[in-house]
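[1] can you look at this prediction? I've put the sequence above it.
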Amino acid sequence: MLDHFTLMVLHALLIAVFFAFLWKREKQERWRYFWKVFAALVLGAVALGWLMYPFPRP
Amino acid sequence: MPESAPKPAPGLPLPLPALMAAAWLVPGLGHLLLGRRSRAAVFAAVIVVAFVVGALLQGELIFPQSGDPLSYLAFIAGLGNGALFFVARFLGFGQGVVTSPSYEFGNTFLLTAGMMNLLLVLDTHDIAVGKKDW
């Protein structure tokens, strides 16, 4: 069973590949866009997780 | 500067509605029929992997339920997977195990796969009518 973080990274990876190929034409552009989307999704989720830390579910 | 009118791509392999239906039914098929082979392969791989992971994580292909408006949206997103949706239901996948710890993750993968495929249908349309030339 994969842990939640690994699943989140896999999800981010698939989304980033998809949009890089959907919206960017050149190879270099695609790589840049891929890393941007991938980092935004993974780092954004981790940041959001920490922001939610002081507000546990009742 | 006036925007140039979109030019239809010459020699469409199928009429536009059929092309879009094909793009919906089989992820990547629309791009393949339009000669975008490498992109078709990447799109197909991404969507199939997302769908299979979602099904293995015991996610649910949601059907509309009265009194739950979000279930309609989830149904549309799930249906976006095209033939994968029907094949999975036929084989008994995508029933969803609510008590499974991976249930929500599975749903997320299944819904995202469907929405990505719907975007591919729109992209196929744009290529076919000449709004996008690659």
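    Sure, I can see it.

[2] show me what from chain B comes close to chain A.
    Within chain B, the residues that sit near chain A (Cβ under 8 Å from any Cβ of the partner chain) are B:39, B:42-43, B:46-47, B:49-50, B:53, B:57, B:101-102, B:105, B:108-109, B:112, B:116, B:119-120, B:123, B:134. (Glycine included, C-beta is placed from N, CA and C.)

[3] how many neighbouring residues does the nearest residue to residue B:82 once chain neighbours are set aside have?
    The shortest distance from residue B:82 to any non-neighbouring residue, by Cβ to Cβ, 6 or more residues apart in numbering or on different chains, is to residue B:25 (4.3 Å). For residue B:25, the neighbour count with other Cβ atoms under 10 Å in any protein chain shown is 17.

[4] do the same with residue B:16
    Per other Cβ under 10 Å, the neighbour tally for residue B:16 reads 13.

[5] list the contacts of it.
    The neighbourhood of residue B:16, defined by Cβ atoms under 8 Å, 6 or more residues apart in numbering or on different chains, consists of B:125, B:128-129.

[6] now residue B:34
    Shown in contact with residue B:34 (Cβ under 8 Å, 6+ apart): B:9, B:12-13, B:19, B:124, B:127-128.

[7] quick one: it and residue B:14, what's the gap?
    Separation of residue B:34 from residue B:14 (Cβ to Cβ, to the nearest Å): 10 Å.

[8] what residues does chain A have near chain B?
    Checking chain A against chain B by Cβ under 8 Å from any Cβ, the hits are A:1, A:4, A:7, A:10-11, A:14-15, A:17-18, A:21-22, A:25.

[9] all set, thanks.
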